[in-house]
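**Q** Pasting the sequence and the predicted model now:
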Amino acid sequence: MNIQKVPHVVIIGAGFGGLQAAQKLAGAPVRITVIDRHNYHLFQPLLYQVAIAGLVPSQIAYPLRSIFRRQSKSRSSGATTRTRSCARNR
């Protein structure tokens, strides 16, 4: 597969929507890059359990690399502060 001819999908945010989009695109013929300011996915509905010592932080925070380990076309990246739309000349 020629990497130049494969579309590149960039997903900004590794929340519930970003993770689901990446998983749905896993079988598609595209390259996927997930950009998030953190290198983990935090399950916020259980954050209060960590605050009262009911859970340890590792039970509600999952590293993005382990989530995308089985997807060879996906990779995660660091934070972005600004985006810019680029028009292509075809």
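**A** Yep, it's here. Predicted model only: the values in this text are computed from it and were never measured.
**Q** Need the CA coordinates for the biggest helix by length in the chain. PDB is fine.
**A** Across the chain, the longest stretch assigned as helix under DSSP state H is helix 16-24. Only the C-alpha atoms of helix 16-24 are listed here, as PDB (Å, rounded to 0.1, in the frame of the first residue of the first chain):
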ATOM      1  CA  PHE A  16     -15.300   9.000  23.900                       C
ATOM      2  CA  GLY A  17     -16.000  10.500  20.400                       C
ATOM      3  CA  GLY A  18     -12.400  10.500  19.300                       C
ATOM      4  CA  LEU A  19     -11.900   6.900  20.500                       C
ATOM      5  CA  GLN A  20     -15.100   5.700  18.800                       C
ATOM      6  CA  ALA A  21     -14.200   7.400  15.500                       C
ATOM      7  CA  ALA A  22     -10.700   5.800  15.500                       C
ATOM      8  CA  GLN A  23     -12.200   2.400  16.200                       C
ATOM      9  CA  LYS A  24     -14.800   2.700  13.500                       C
END
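**Q** quick one: the helices in this structure?
**A** 16-24, 47-51, 64-67.
**Q** a markdown table please, covering those helices and showing distance to residue 40, mean neighbour count and mean pLDDT.
**A** (Glycine included, C-beta is placed from N, CA and C.) Compiled in a markdown table, the helices of the chain are given as follows (distance: least, C-beta to C-beta, whole Å; neighbours: other C-beta atoms under 10 Å; pLDDT from 0 to 100):
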| stretch | distance to residue 40 | mean neighbour count | mean pLDDT |
| --- | --- | --- | --- |
| helix 16-24 | 12 | 14 | 91 |
| helix 47-51 | 13 | 12 | 90 |
| helix 64-67 | 6 | 15 | 82 |
